[in-house]
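Engineer: Sequence and predicted model, in that order:
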Amino acid sequence: QQFDDAVRKGVRPDGSRLYPAMPFPAYTKLTRDDVLAIRAYLSTVGPVHQPVKANTLPFPFNIRLAMRAWDALYFTEGEFRPDDLQSPAWNRGAYLVQGPGHCTACHTPKSFLGGDKTGNHLRGFNLQGWFAPDITGDLGQGLGQWSEADITSYLKTGHNRITAATGPMAEEVVNSTSHYDDDDLHAIATYLMSLPG
């Protein structure tokens, strides 16, 4: 339960709030079964002895109690709910993009407090010296001119006929989306292509 609370609610065992470097605003959408599967996997990974670094956030961000206010502004707790008006593939893609893929972490613009500007969902953002582009179906700035094969190839291999992944997205492909099965890649493409620009 403590693991689930940390992953899906951003709450530590002592009741204090986690910072959103732990992407609980997205992971809240995961099913409990998926969270427990993550825990089962992590229990097979050998421990690494590494000293814990002190919190170096500047005032007032170093006051963990302030996370209650941040959560009130930017965190909506709740598991993903399928849209009955959409296909199973669309719903699976929405679940992966909004939840475990936590694509909003890089691709959605942030406020000065680091919360998502939800009115610009997945419209692109400059983050840590890199630009995470618009991944909506926008014809000019987004994926509107990409085919499903373009999207699935990019997520599987890091390149397609249009571009190649670099920086943090290359890392995302290597460590994450290249391991997705074809049905999940198709589902992600289905969902992203449906998003209005």
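Structural biologist: The structure has been received and is ready for your questions.
Engineer: Using PDB, write out every CA atom in the longest helix along the chain.
Structural biologist: Longest helix in the chain, counting residues (DSSP state H): helix 182-194. This file holds the C-alpha atoms of helix 182-194, laid out as PDB (Å, rounded to 0.1, in the frame of the first residue of the first chain):
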ATOM      1  CA  ASP A 182       3.300  -3.500 -31.700                       C
ATOM      2  CA  ASP A 183      -0.300  -3.400 -30.500                       C
ATOM      3  CA  ASP A 184       0.700  -0.800 -27.900                       C
ATOM      4  CA  LEU A 185       2.600   1.300 -30.400                       C
ATOM      5  CA  HIS A 186      -0.400   1.200 -32.700                       C
ATOM      6  CA  ALA A 187      -2.600   2.300 -29.800                       C
ATOM      7  CA  ILE A 188      -0.300   5.200 -29.000                       C
ATOM      8  CA  ALA A 189      -0.400   6.300 -32.600                       C
ATOM      9  CA  THR A 190      -4.200   6.000 -32.700                       C
ATOM     10  CA  TYR A 191      -4.500   8.200 -29.700                       C
ATOM     11  CA  LEU A 192      -2.000  10.900 -30.700                       C
ATOM     12  CA  MET A 193      -3.300  11.200 -34.200                       C
ATOM     13  CA  SER A 194      -6.800  11.900 -32.800                       C
END
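Engineer: what packs against that helix?
Structural biologist: helix 88-98, helix 148-157 (3 or more Cβ pairs under 8 Å, 6 or more residues apart in numbering; DSSP states H and E). In short, each C-beta sits where N, CA and C put it, glycine included.
Engineer: any idea which residue sits dead centre in this structure?
Structural biologist: Geometric centre of the chain, nearest residue: His102, 0.7 Å, by Cα atoms, centre = their mean.
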